[in-house]
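1. mind folding the following:
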Amino acid sequence: MTNLSISYAGHFADRVQDLYYGAVRPEAIDLHFLPLPPVQAFNRMLRGEFDSSEMSFSSYVIRAAMAKRGGDPLPFVAIPVFPSRTFRHGAIYVNTAAGIGGPEDLAGRRIGVPEYNMTAAVWARGLLKDEYGVTPESIRWTTGGLTSAGRKAMLAQEVPGVDIVHEQDRTLDEMLVAGDLDGLIAPQPPPAYRNHDPRVARLFQDVTAAEQAYCRKTGLFPIMHTLVLRRDLYDRHPWVAASLYEAFDKAKNNCLARLAEEEPAPVSYPWSAALGRTVREIRGDDFWPYGVEPNRAEIETLCRYTHEQGLAPLRLAPEDLFAESVARLSSFRL
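-> So this is what the prediction gives:
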């Protein structure tokens, strides 16, 4: 039997390196892994260039809700593999002259964000509302490019009751430094922060402590990206979703096993072993789980946020999002 040739695009990370190097191979599939920055992978997948790819989780949830409400059908289906997860306290930056002493001071301010519906911003707004009472409606938002002016949204939306303007000519980094923005939410640190410009600082001074406290309190490890497969390919070969899931899960488990080794150090950072022990104490040995049930709280929270923030017309459930063939795997316990 000839293997099915499947292309995949996504960022190269320790969790997927065994797939890239061929140490793990999906059953009955020849996987062609193209390492790409996530935004490039997202946009090219939307243009139909790949069979499968990493995808913004909030964009997928929003599109799935629109499709269920009667909009255009989704051209792909998700598999509960999560290549990117990140706490987003560290994604919030402020102008140091703006007089912002804590999260509550963001109300009434002008805050920049590359795309209003990007997953990082959805999670950041959610934690600001849930933990500090700062609602999206209380902030004036500016969208645009972080380092290059004129960024266009992957999914353009207007949100009733929320003040959102788009900046075409200047970068958000320039506006933050100039004081035309009081703050900024961005997945990548703005250049001014990377260059140690004293006019820009993180909102949370001790990001690690804030994020660990949030994780202990809520149990959440925010999901940023998921894995998607072309719907027409899935309809013809539903077994492909399960094969990809099992391979990605095995590659991830291999990664976690390597990270658990303390000598020789698996990563170059000093004190990484101590950090690993802290992570496992807070999150357990499988601190980066795949599947629906181990991530039900994160999935339900993102579905709630996209609906509460006026981005998704429906509040979906985890069962609305993922390939049905994968639900038969015992690890999902659906």
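
2. find the residue at the geometric middle of this protein.
-> Met224 (1.3 Å; CA atoms, centre = their mean).

3. could you measure from that one over to Gly183?
-> Per CB to CB, to the nearest Å, Met224 is found 20 Å from Gly183. Any C-beta I mention is one placed from the backbone N, CA and C, and that applies to glycine too.

4. point me to the helix or strand that includes the residue lying closest to the residue nearest to the centre of the chain once chain neighbours are set aside.
-> Among residues not flanking Met224 along the chain, Ser84 sits closest, at 4.0 Å (CB to CB, 6 or more residues apart in numbering). Element membership for Ser84 (DSSP states H and E) is strand 76-85.

5. alpha carbons only: can I get that strand in PDB?
-> The C-alpha coordinates for strand 76-85 follow below in PDB (Å, rounded to 0.1, in the frame of the first residue of the first chain):
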ATOM      1  CA  PHE A  76     -10.500  22.600   7.100                       C
ATOM      2  CA  VAL A  77     -11.200  20.700  10.300                       C
ATOM      3  CA  ALA A  78      -9.100  20.800  13.600                       C
ATOM      4  CA  ILE A  79      -7.300  18.100  15.300                       C
ATOM      5  CA  PRO A  80      -6.700  18.600  19.100                       C
ATOM      6  CA  VAL A  81      -3.000  19.100  18.800                       C
ATOM      7  CA  PHE A  82      -1.700  22.300  20.200                       C
ATOM      8  CA  PRO A  83       1.700  23.400  18.800                       C
ATOM      9  CA  SER A  84       1.700  26.700  20.700                       C
ATOM     10  CA  ARG A  85       0.600  27.600  24.200                       C
END
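
6. let the chain start at 32 from now.
-> That works, and once the first residue is 32, the last one we named lands at strand 107-116.

7. what does the average pLDDT come to for that strand?
-> Strand 107-116 comes out with an average pLDDT of 98.

8. residue contacts, the closest residue to Val190 other than its chain neighbours?
-> Leaving aside its chain neighbours, Val190 sits nearest to Gly341 (4.1 Å; criterion: CB to CB, 6+ apart). By CB atoms under 8 Å, 6 or more residues apart in numbering, Gly341 lies in contact with 167, 190-193.

9. can you tell me which of those has the most neighbours?
-> Pro167 (24 neighbours; other CB atoms under 10 Å).

10. can you give me the helices for the stretch 182-331 of the chain?
-> Along the stretch 182-331 of the chain, the stretches classed as helices by DSSP state H, counting those that start in this stretch are 203-209, 222-225, 238-249, 262-267, 270-291, 303-314, 327-339.

11. could I have the CA atoms of the shortest one written out in PDB?
-> Which is helix 222-225. These are the backbone C-alpha positions of helix 222-225, laid out as PDB (Å, rounded to 0.1, in the frame of the first residue of the first chain):
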ATOM      1  CA  PRO A 222      11.500  46.500  19.300                       C
ATOM      2  CA  ALA A 223      11.600  49.300  21.800                       C
ATOM      3  CA  TYR A 224      11.400  46.900  24.600                       C
ATOM      4  CA  ARG A 225      14.000  44.600  23.100                       C
END
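
12. which residues sit against that helix?
-> 124, 178, 204, 207-208, 230-233.

13. adding pLDDT, neighbour count and distance to Ala184, write these out as a markdown table.
-> Converted to a markdown table, those look like this (pLDDT from 0 to 100; neighbours: other CB atoms under 10 Å; distance: CB to CB, whole Å):
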| residue | pLDDT | neighbour count | distance to Ala184 |
| --- | --- | --- | --- |
| Tyr124 | 98 | 24 | 20 |
| Thr178 | 93 | 14 | 16 |
| Asp204 | 97 | 28 | 18 |
| Leu207 | 98 | 30 | 19 |
| Val208 | 98 | 19 | 23 |
| Arg230 | 98 | 15 | 27 |
| Val231 | 98 | 22 | 24 |
| Ala232 | 98 | 15 | 27 |
| Arg233 | 98 | 16 | 25 |
